[in-house]
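[1] I need the structure of the sequence given here:
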Amino acid sequence: MNRMLRERHGAARTVDEITGSRRLRRMRKAGWSRRLVRENHLTVDDLIWPIFVIDGENRREEIEAMPGVWRLSPDLAAREVEKAARLGVPAIATFPNVDLSLRDESGSHILAADNIINKATRAIKQAVPEIGIITDVALDPFTSHGHDGILRDGVIVNDETVAQIAEAAVLQAQAGADIIAPSDMMDGRVGAIREALDAAGHHDVAIMSYATKFASAFYGPYREAIGTGGLLKGDKKTYYVDPANSHEAVREAEQDLLEGADMLMVKPGLPYLDIIQRLKDEFSVPTFAYQVSGEYSMIRAAAANGWIDGEKAMMESLLAFKRAGCDGILTYFAPEAAALLSAGA
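    You can find the predicted model right below:
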């Protein structure tokens with residue numbers, strides 16, 4: 001290091017002389033100076049809260065693998081969303097746990113206008129009309145095999161799945177969804193959804209594409225939450241992106257933008273900060289990340305064991321998304337983080 005500095009700044013100058021004129025710690029010496037030069041800021045406006053919904057009334061089910069997260073019936077979900085809205089959370093994303101009797105090989109119950117996703121949307125919109133509602137049209141909560149598409153002879157068929165999710169997107173828009181967020185990773189789905197929404201008069205309903213959803217090991221607790229963990233046959237590697245591939249992720253995002261996506265999402269979040277930064281730099285469009293269930297549960301578990309400071313780790317992890325270029329973050333921590341931010345944390 002000494003030799004390198006001498007070569008760069010001239011042999012006559014010592015390391016002390018060089019570093020003495022550029023002390024980076026000067027602006028770290030106090031809270032006020034750190035605030036002045038802070039490059040990225042996390043606010044409540046960056047938070048989207050994913051919630052799990054179930055049929056019925058006054059029902060609340062704890063999710064063992066996700067401490068502090070619950071499945072809620074539409075009436076209770078609406079009450080919790082009201083609280084989040086008072087904290088300033090701008091949007092929520094809903095995910096259903098569908099009764100097993102309603103699941104089949106093709107996930108046909110997604111086409112029921114009164115399914116739990118659409119019931120929850122109506123209840124929440126009625127109670128909290130000012131909050132944004134994001135819905136997913138992937139079939140995995142509705143299929144008996146736990147895959148995101150229609151299964152035919154051991155293969156997830158692309159085009160038939162796309163036709164069905166485009167139809168479901170229209171039903172979700174009719175129920176009051178503001179943004180459709182397809183997470184199935186079928187080719188051509190964004191274009192088909194945009195065409196179907198426009199044909200039905202839903203020109204103002206946006207599409208948040210799960211443009212780069214990776215075949216990750218971090219989804220386990222989520223699958224418990226929606227009741228697919230014990231149903232899944234095989235894996236999802238034939239349609240999710242290989243975790244080793246970043247160039248492919250960029251191509252996926254570009255394709256979705258060409259088909260009409262209004263914004264992009266990267267899922268999971270923290271293991272793929274490099275992908276977030278690449279997409280933001282490449283396309284300069286609204287870019288989001290999903291801090292998935294495995295990420296959430298790891299922080300919760302470590303905090304519960306006293307190994308980390310849970311609040312500090314939570315806030316640091318969320319700030320990392322902003323540093324990578326995110327415009328917003330889907331996180332199960334949203335209400336907790338919003339409360340801390342409103343208190344000036």
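[2] contacting residues around the closest residue to Arg59 other than its chain neighbours?
    When the adjacent residues along the chain are set aside, Arg59 lies closest to Ser73, with 4.0 Å between them (CB to CB, 6 or more residues apart in numbering). (Each C-beta comes from the backbone N, C-alpha and C, glycine too.) Neighbouring residues of Ser73 by CB atoms under 8 Å, 6 or more residues apart in numbering: Val53, Ile54, Asp55, Gly56, Glu57, Asn58, Arg59, Arg60.
[3] Out of the residues you listed, who's the most crowded?
    Among the contacts of Ser73, the one with the most neighbours (other CB atoms under 10 Å) is Val53, at 26 neighbours.
[4] Return the backbone torsion pair for that residue.
    Main-chain torsions, Val53, degrees, to the nearest 10: phi -120, psi 150.
[5] Equivalent analysis for Trp70, please.
    Trp70 adopts backbone torsions of phi -130, psi 150, taken as degrees, to the nearest 10.
[6] Just list whatever residues bridge to the nearest residue to it once chain neighbours are set aside.
    Using CB to CB, 6+ apart and skipping the chain neighbours, the partner closest in space to Trp70 is Arg60 (5.2 Å). Beta bridges link Arg60 to Leu72 when assigned by DSSP bridges.
[7] measure Arg60 to Ser73 for me?
    Here the distance between Arg60 and Ser73 works out to 7 Å (CB to CB, to the nearest Å).
[8] repeat for Val128
    16 Å.
[9] Quick check: which element contains Ala211?
    Per DSSP states H and E: Ala211 is located in strand 206-213.
[10] how far does that strand sit from the chain's center?
    Relative to the centre of its chain, strand 206-213 is centred 9 Å away, using CA atoms, centre = their mean, to the nearest Å.
[11] Send me it as PDB with only the CA atoms.
    The C-alpha coordinates for strand 206-213 follow below in PDB (Å, rounded to 0.1, in the frame of the first residue of the first chain):
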ATOM      1  CA  ALA A 206     -50.600  -0.700 -14.300                       C
ATOM      2  CA  ILE A 207     -48.400  -3.800 -14.700                       C
ATOM      3  CA  MET A 208     -45.500  -4.500 -12.200                       C
ATOM      4  CA  SER A 209     -43.700  -7.300 -13.900                       C
ATOM      5  CA  TYR A 210     -41.800  -9.900 -11.800                       C
ATOM      6  CA  ALA A 211     -39.300  -9.500 -14.600                       C
ATOM      7  CA  THR A 212     -36.500 -11.400 -12.900                       C
ATOM      8  CA  LYS A 213     -37.900 -14.000 -10.500                       C
END
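[12] That one: what's the following helix or strand?
    Sequence-wise, the next helix or strand beyond strand 206-213 is helix 220-226, with elements assigned using DSSP H and E.
[13] so what secondary structure elements neighbour that following helix?
    strand 91-96, helix 293-304 (3 or more CB pairs under 8 Å, 6 or more residues apart in numbering; DSSP states H and E).
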